[in-house]
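> with the input below, show me the fold.
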Amino acid sequence: MIVDDNPIDQLITEYLLTHSYKKKDILIMPSAAEALSYLDTYLHIPEALPCLILLDLDMPVMNGYGFLQEFRKYGEHVLKNCKIIVITASEIHADLEKMTADPLVVKLINKPLHRNSLVFE
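Here you go, the predicted structure:
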């Protein structure tokens with residue numbers, strides 16, 4: 001699942017996932033609220049939940065922080081199976097430290113993404 005309000009960043013991320021990582025079932029959510037609504041709808045259908053969420057930090061209305069606060073409310077089966085990678089163009093040190101320290105965030109990636117951006121352990 002790509003959660004990003006910027007259509008160009010959505011396209012870049014989708015292209016990277018489909019061409020470099022051969023991923024096909026990609027959900028694109030233009031806002032954190034829409035992503036949470038999707039998760040609420042499919043909460044009890046594990047095969048419909050994303051295994052990876054690429055979350056933009058800077059979005060209007062609800063940003064990446066707000067998304068993470070709401071995401072924490074889901075059960076353990078969701079928290080363990082949906083990995084979150086935060087993608088950002090922010091250079092604000094406090095924001096980057098906060099995201100890096102969050103246990104739900106497996107990786108922080110700076111925009112623009114490139115072919116090896118999503119390699120993680």
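> and the biggest helix by length in the chain, how far from the chain's centre?
Looking across the chain with DSSP state H, the single longest helix is helix 7-20. Offset of helix 7-20 from its chain centre (Cα atoms, centre = their mean, to the nearest Å): 13 Å.
> and the next helix or strand past it?
strand 28-29 (DSSP states H and E).
> and that next one, how far from the chain's centre?
With Cα atoms, centre = their mean, you get 10 Å for strand 28-29.
> strands paired with it, and their directions?
strand 2-3 (parallel) (DSSP bridges).
> pull the residues that contact the partner strand.
10, 13-14, 17, 26-29, 31-32, 35, 53-56, 59, 67 (Cβ atoms under 8 Å, 6 or more residues apart in numbering). Where C-beta positions appear, they are placed from N, C-alpha and C, glycine not excepted.
> now the element after the lowest-mean-pLDDT helix or strand in the chain, going C-ward?
For the chain, the helix or strand with the lowest mean confidence is helix 93-101, at a mean of 86 (criterion: mean pLDDT, DSSP states H and E). Note on helix 93-101: by DSSP H and E, the next helix or strand toward the C-terminus is strand 105-110.
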